[in-house]
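> starting from these lines, generate the structure:
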Amino acid sequence: MAAIASTDVTVSLPPRDRDIVPAGPKLMSFPSITFGNGSLTYPSGGVPLPDKSAFGFKKQIDRIFIQQPAANGFVYKYDRANH
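Numbering: from 1, shown residues only. As a prediction, the model looks like this:
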C-alpha cells in the first residue's frame, strides 16, 4: 500500500474561517484537514503537509494548534523543522 503524501492531504478553508484577526499584527485561519482516503498508510516520520498557501498564508506558519481527536493511539503534533 502507498503512504500518504502531501498531495493526498486536503485542506478546507471556507472564507468565514480565513483571516480571523485582519486588524491585528498577524492573521489567523482555522482550516479542516483530511488525510488520504482510508486506503493509504502512515509514512515513517509523519504525514507531509501541503504548501503554506493551502492554509491561506503567503509568508510562513508561526503556530499550529491541533485539536486532538478521541483517543485512537496516535499523538498529533506539528514538526516545524520538517513541515
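> and L49, how many neighbours?
Using other CB atoms under 10 Å, L49 has 19 other residues around it. In this view, the C-beta of every residue, glycine as well, is placed from N, C-alpha and C.
> could I get the phi/psi values of it?
Main-chain torsions, L49, degrees, to the nearest 10: phi -90, psi 160.
> that one is in contact with R80, isn't it?
No. Counting by CB atoms under 8 Å, R80 is not a contact partner of L49; they are 10.9 Å apart.
> for whichever strand or helix holds V11, buried residues please.
Using DSSP states H and E, V11 sits in strand 9-12. Using 16 or more other CB atoms under 10 Å as the test for burial, strand 9-12 gives 9, 11.
> which neighbouring elements make contact with the worst-scoring helix or strand of the chain on mean pLDDT?
The helix or strand of the chain with the poorest confidence is strand 32-35; it has a mean of 86 (mean pLDDT, DSSP states H and E). Secondary-structure packing of strand 32-35 (3 or more CB pairs under 8 Å, 6 or more residues apart in numbering; DSSP states H and E): strand 9-12.
> sheet partners, orientation included, of the strand it packs on?
Take DSSP bridges as the rule and strand 9-12 pairs in its sheet with strand 32-35 (antiparallel).
> in a strand, Y76, correct?
No. If the criterion is DSSP: H, G, I helix; E, B strand; the rest coil, then Y76 is coil and not within a strand.
> for it, which non-adjacent residue is spatially closest?
I66 (4.6 Å; CB to CB, 6 or more residues apart in numbering).
> ok, Y42 next?
Y42's closest residue in space is I4 (CB to CB, 6+ apart), at 6.6 Å.
> now that neighbour: how far from D79?
According to CB to CB, to the nearest Å, I4 stands 15 Å off from D79.
> with that, I have no additional questions.
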